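Student: Take this sequence and fold it.
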Amino acid sequence: MIVLLLILFAGIILLEVPDLVKKKMWRELAAFAAYLAIGMALSIPQVLGIRLPNPSKAIEALFKPLAGLLK
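Tutor: Prediction:
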């Protein structure tokens, strides 16, 4: 399953990157690479069955004290 996922990401790279390089869209290429890396970092553990922590709980823990100050 992980091989299929890596093939899918490679296909996305092959479809998107050449046009970005040809048009010299370096900032867009950097953003694309960053989002693709985040996507890979989140999807590979999920395919392997590793449970990842819910990011909304971290956001809630961060902003809950601030919400209390605004009341």
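Student: residues contacting residue 51?
Tutor: Listed by C-beta atoms under 8 Å, 6 or more residues apart in numbering, the contact set of residue 51 is empty. C-beta: built from backbone N, CA, C; applies to glycine.
Student: Which positions within the helix or strand harbouring residue 29 qualify as buried?
Tutor: Take DSSP states H and E as the rule and residue 29 turns out to sit in helix 26-47. Going by neighbour count (16 or more other C-beta atoms under 10 Å), the buried part of helix 26-47 is 29, 32.
Student: Can you spell out which helices and strands pack onto it?
Tutor: Applying 3 or more C-beta pairs under 8 Å, 6 or more residues apart in numbering; DSSP states H and E, we find helix 26-47 packed against helix 2-22.
Student: So which bits of the helix it packs on are buried?
Tutor: Result for helix 2-22 [16+ other C-beta under 10 Å]: buried residues 9, 20.
Student: and the angle for the helix holding residue 29 with helix 2-22?
Tutor: Helix 26-47 runs at 180 degrees relative to helix 2-22, counting by axes from the mean of the first three to the mean of the last three C-alpha atoms, to 10 degrees.
Student: Could you give the average pLDDT over the helix or strand following helix 26-47?
Tutor: Next along the chain after helix 26-47, taking DSSP H and E as the criterion, comes helix 55-70. For helix 55-70, the mean pLDDT works out to 86.
Student: Can you name every helix or strand that helix 55-70 contacts?
Tutor: Using 3+ C-beta pairs under 8 Å, 6+ apart, helix 55-70 sits against no helix or strand.
Student: Is residue 24 in a helix, a strand, or coil?
Tutor: Put simply, residue 24 is coil when judged by DSSP: H, G, I helix; E, B strand; the rest coil.
Student: Need phi/psi at it.
Tutor: Main-chain torsions, residue 24, degrees, to the nearest 10: phi 50, psi 40.
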